[in-house]
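Undergrad: Curious how this folds, go ahead:
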Amino acid sequence: MNSQNRYSSMSIAGVVFACAALLSSQPSQSQQIGFPEDWSHRHVVFSNPGTYREAIENGSSEKWVRINNDPRFIMQRMKRNAEASASRSQETFAAPVSELRAPLRTPVRLPLRTRKKIQLAPLSRDWSVSLGAAGVAAGQYPAIFTSSGTPSCTADFAAYGVNAAGAPGGPGAQANIVGFNQLYVNSTGGGICTGTAPTVYFSYFVGTGTVQTSPSLSQDGTKIAYIETVSGASKLHVTTIGTTGSNGTSATSPVVPGIGNNAADTAIPLNGGVTVSVSSPFVDYIDDIAYVGDDNGILHKFTPVFNGTPAEVIGGGWPVTVDSGRILTGPVWDSVTSKVYVGDSAGILSSVSTSGTVTSSGTLAAGKGIVDAPLLDSGSERVYVFVGDNAGGTASAVVQFNISSGNITSGGTGTAETLGTSNTTTPLYIGMFDNTYFSSGGVPGPTGNLYTCGNTGGNPTLYQIPISANAMQTPVAGPVLANVAGAGCSPVSENFNSPDDWIFVAVPSNSCGATSGATAGGCLMSFNVASVAPTIGPWLPSTAYALNDEVVDTNGNIQKVFTAGTSGTSAPSWNTSGHTGDGPVVWDYVSASNGQTTAAQPTGTSGIVIDNVSALGGTSNIYFGTLSGTGTTNSAVKMTQAGLQ
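TA: Numbering: from 1, shown residues only. As a prediction, the model looks like this:
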């Protein structure tokens, strides 16, 4: 045996012993049978942690094992299935992972779904189902569960919290939370499931409050945790989905869990009689702990959540006052540093240890402060905060914090990159990394791009922030997404489907309009960022266009200005050859786009979640809720994009 092999063998043996001791006290997890996808999977992500050998050589083996035992990392790896870096992935996730995990908990063993490249097409609305008196709150997400193997018409479901006061059965009834299965249908009846609309899987009334933050799913998809917002009396609900009896038939015909069905609901009032208006519950799957922030600056801890009778932890430093009197964002838990990271309305990022010790940054934002939960990359040991109005009140910004020391620096202000103008009332929701970033990693850190929507005081604009060796570089302004100052954007979502890499974002008003000839409204857009940053934006109403300017029309085609002028107030009927008249503007058809598409969504969208990457038609979709306003409102929506399949 040569010296290097002896070194590696000795190191591996030492790491196995150390990691077994490190994790032996953690509870056993049941075998993963599917993929939950909720808001937390968008806020906690993992760049490539490198190989086991690299971790040993860099002295980061404990971190490597923690990451590879994190259920969200395992699910992310399975869902991404990065074919373009298969050789790297095989080395990265080699035998030592399962060897280390075997005595600790049942390893995840999920069959990977196959990918099939087919003709690109515009985003297509498959179904839109009423949620009753309101839709999903801005910046929040629905949740979806997809079973392992082939997409299932019965087991796969989407759950939507309703931002309206719940009401019991009878006239004026309103569900708090609604779920749908038979997801893979469309308006023509051509999906793999029967019919033209999804089936109501459950519709539950649990109280007279609202569900205005995002639900969180158990790993096996049998339970949902969510907050019922009640002024001075908010509650954490953990609902077991019923499998017998009547579980409701629509958002306005809900039932009570446990009455006429075998569903069950446990409601836990948050200690102290508090209000929760922004924070969603974050569940640490490993230790079955949920964290929730309230509107008085206090972080609450609950355990068990899904594996026993839920209860709040009172004592041992909990609940923890993070920033008294401030509204807390959703918290995120880092399995590497064993800390919770949470922002607040004073513009401060804080970390909270398991014992309740708080470490706070300096002021990062003015205006509404930090509204969205931090974006955490446990692989690169970085936390990102998105602010619509920086501390100086001069710009919207993304701020990066290095937590490789195990924590943020007390009073520190991180490293910031500005994104155009600021707005004291328009929030900046999180962006997302591209696949180049996710595939890279190790030493000296990931390299790729972070895409986000900025310029909160002006017209919403898509930005690319290059990242080199874990460091943010100067942002590059991309296409303008709407022509109304301060309109804001939804959070940015990303999905890799080799060789394409899609990002999705929506604006609430004055963008691509609706169908041809309809009044201009909000827009949902997809951009393929696999090879280059987007430079062409959607068609905008009432916008001055110069000669040779280009847009993507509502059919997903590229049009170039032949005669300059100001566009009309509604989208024209686009031609696929020759010219299209648009008031004084004349457009010239150029070509089909590279997959970039636009779709009308009059009021904008909530956060967007994505289900499968599957070869089966109509089973690769995006899900969102509509926001309040005019047009098609108060709905749960599923859209298919052929480019996802």
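
Undergrad: helix, strand or coil for residue 286?
TA: coil (DSSP: H, G, I helix; E, B strand; the rest coil).

Undergrad: Equivalent analysis for residue 265, please.
TA: Judged by three-state DSSP, the three-state class of residue 265 is strand.

Undergrad: Tell me who's in contact with it.
TA: Shown in contact with residue 265 (Cβ atoms under 8 Å, 6 or more residues apart in numbering): 204, 206, 237, 238, 239, 240, 256, 257, 258. Glycine gets a C-beta too; all of them are placed from N, C-alpha and C.

Undergrad: Equivalent analysis for residue 175, please.
TA: Applying Cβ under 8 Å, 6+ apart, we find residue 175 in contact with 131, 132, 162, 166, 203, 204, 205, 248, 250, 251, 252, 254.

Undergrad: and those, which of them are in strands?
TA: 203, 204 (DSSP state E).

Undergrad: Give the buried subset of the contacts of residue 175 as a ChimeraX selection command.
TA: Here is the ChimeraX command that selects only those of the contacts of residue 175 that count as buried (16 or more other Cβ atoms under 10 Å):
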select :131,132,162,166,203,204,205,248,251,252,254
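
Undergrad: measure residue 76 to residue 208 for me?
TA: Distance, residue 76 to residue 208, by Cβ to Cβ, to the nearest Å: 37 Å.

Undergrad: same question, residue 392
TA: Distance, residue 392 to residue 208, by Cβ to Cβ: 42 Å.

Undergrad: For the closest residue to residue 123 other than its chain neighbours, which residues are in contact?
TA: Leaving aside its chain neighbours, residue 123 sits nearest to residue 599 (3.9 Å; criterion: Cβ to Cβ, 6 or more residues apart in numbering). Going by Cβ under 8 Å, 6+ apart, residue 599 touches 122, 123, 124, 125, 512, 523, 524, 525, 554, 639.

Undergrad: Tell me if I am right that residue 599 is in a helix.
TA: No. Counting by three-state DSSP, residue 599 is not part of a helix but strand.

Undergrad: Report the buried residues of stretch 386-396.
TA: 386, 387, 388, 389, 390, 391, 395, 396.

Undergrad: So which of the residues you listed sit within strands?
TA: Secondary structure from DSSP E places 386, 387 of the buried residues of stretch 386-396 in strands.

Undergrad: Any chance of TSV for the contacts of residue 265, columns secondary structure and distance to residue 508?
TA: Converted to TSV, those look like this (DSSP: H, G, I helix; E, B strand; the rest coil; distance: Cβ to Cβ, whole Å):
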residue	secondary structure	distance to residue 508
204	strand	29
206	coil	29
237	strand	29
238	strand	32
239	strand	30
240	strand	35
256	coil	34
257	coil	34
258	coil	38
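
Undergrad: which among the residues you listed gets closest to residue 380?
TA: Distance to residue 380, by Cβ to Cβ, is smallest for residue 238 among the contacts of residue 265, at 32.3 Å.

Undergrad: what sits opposite that closest one in the beta ladder?
TA: residue 225, residue 266 (DSSP bridges).

Undergrad: Domains in the protein, by residue range?
TA: Domains of the chain are assigned by automatic domain parsing as 3-35+42-101, 279-370, 379-428+430-487.

Undergrad: Mind checking those for the one nearest to residue 151?
TA: Among the domains of the chain, domain 3-35+42-101 comes nearest to residue 151, with 10.5 Å by Cβ to Cβ.

Undergrad: phi, psi of residue 585?
TA: Main-chain dihedrals, residue 585, degrees, to the nearest 10: phi -80, psi 140.

Undergrad: quick one, what contacts residue 222?
TA: So residue 222 contacts 240, 241 (Cβ under 8 Å, 6+ apart).

Undergrad: Now do it, the pLDDT please.
TA: For residue 222, the pLDDT comes out at 97.

Undergrad: Now do the stretch of helix or strand residue 504 belongs to, average pLDDT.
TA: Element membership of residue 504 [criterion: DSSP states H and E] is strand 500-507. For strand 500-507, the mean pLDDT works out to 92.

Undergrad: for stretch 478-490, same thing?
TA: 92.

Undergrad: and if you look at stretch 605-615?
TA: 85.

Undergrad: Next, the buried residues of it.
TA: 605, 606, 607, 608, 609, 610, 611, 612, 613, 614.

Undergrad: could you dump those residues to CSV with secondary structure and distance to residue 47?
TA: Output for those, formatted as CSV (three-state DSSP; distance: Cβ to Cβ, whole Å):
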residue, secondary structure, distance to residue 47
605, strand, 27
606, coil, 26
607, coil, 21
608, coil, 21
609, strand, 21
610, strand, 19
611, coil, 23
612, coil, 23
613, coil, 20
614, coil, 25
